[in-house]
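J.: here's my sequence, what's the structure:
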Amino acid sequence: MRGPGKYDFINIHDHGADPHKGVFTIDNIMVHEDRYPGELEGIAFSCGAHPWHLEKDKMEAQLNKVREYASLETVIALGEAGFDRLRGPESQVQEKVFRAHVAISEEKRKPLFIHCVKAWDELLKCHKEMKPEMNWIIHGFKGKPELAAQLLDRGFYLSPWVEWAIRPESTSTLKSIPPDRLFLETDGFDIGIEPVYRVVAEHLRVDMQTLKRQLWENFCSLFRTDEG
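T.: Numbering: from 1, shown residues only. You can find the predicted model right below:
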């Protein structure tokens, strides 16, 4: 699989990423977009049908596109997929599509990125019932330590929402996340990943080199690779 090699920083989730020296990025393609996961230096892709953009009459076509892209070497993960109580179709449709993503993730042996808004019970229920072997990553996390603990108990990785991660009030939750289950992302915001690392390192009271090494090791664990 395509991996981070000797890149200094890992941006675990972005949208419409451009190559940046020293940064390895997983760029998310939502299948309603007119984008293709081609070959770009320092960039790999995840692919999914985002719950905001699900349409009943296009659902099978969207999932077929997920299956097609999931077979590509440049696509190293599935998603983002998941649940959103504030936006998108009814919960039954979201759950059906989410479970299809889990099945593709398991078939292709590729991790799954999760979008979840106010639907943690549904997500945890699916995880308990489906017992996935592939790793799941919560992208855009901004919950309290108690919610983080629930997700960590189920084996999830957590990637904090970028604007939340750099706030001082997020420190207690960030400190509650075991270092080996943490990632950082920019999620399409107009900010580089390096300043996010810098601020989070200050919150966690670790030096930058320690954080860089830890997130690189987390990537290797997430994707079950010994690359180095």
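J.: switch to C-alpha atoms for all contacts and neighbour counts from now on
T.: Noted.
J.: helices and strands around the top strand by length along the chain, which ones?
T.: Counting residues, the longest strand in the chain under DSSP state E turns out to be strand 75-84. Contacts defined by 3 or more C-alpha pairs under 8 Å, 6 or more residues apart in numbering; DSSP states H and E place strand 75-84 against strand 23-30, strand 43-48, helix 59-70, helix 91-108, strand 112-117, helix 120-130.
J.: to the chain's geometric centre, what's the distance from it?
T.: The chain centroid and the centroid of strand 75-84 are separated by 7 Å, computed with C-alpha atoms, centre = their mean, to the nearest Å.
J.: how far off helix 120-130 does that strand point, in degrees?
T.: Here the directions of strand 75-84 and helix 120-130 differ by 130 degrees (axes from the mean of the first three to the mean of the last three C-alpha atoms, to 10 degrees).
J.: list the neighbouring strands of strand 75-84 plus their orientation.
T.: Paired neighbours of strand 75-84 in the sheet (DSSP bridges): strand 43-48 (parallel), strand 112-117 (parallel).
J.: just those: most buried one?
T.: Greatest average neighbour count among the strands paired with strand 75-84 goes to strand 43-48 (a mean of 27), per mean count of other C-alpha atoms under 10 Å.
J.: in this structure, which residue is most central in space?
T.: With distances taken as C-alpha atoms, centre = their mean, the residue of the chain nearest its centroid is residue 113 (3.8 Å).
J.: where does residue 203 sit: helix, strand or coil?
T.: Following DSSP: H, G, I helix; E, B strand; the rest coil, we place residue 203 in the helix state.
J.: actually residue 185, sorry about that
T.: Secondary structure, three-state DSSP: residue 185 is coil.
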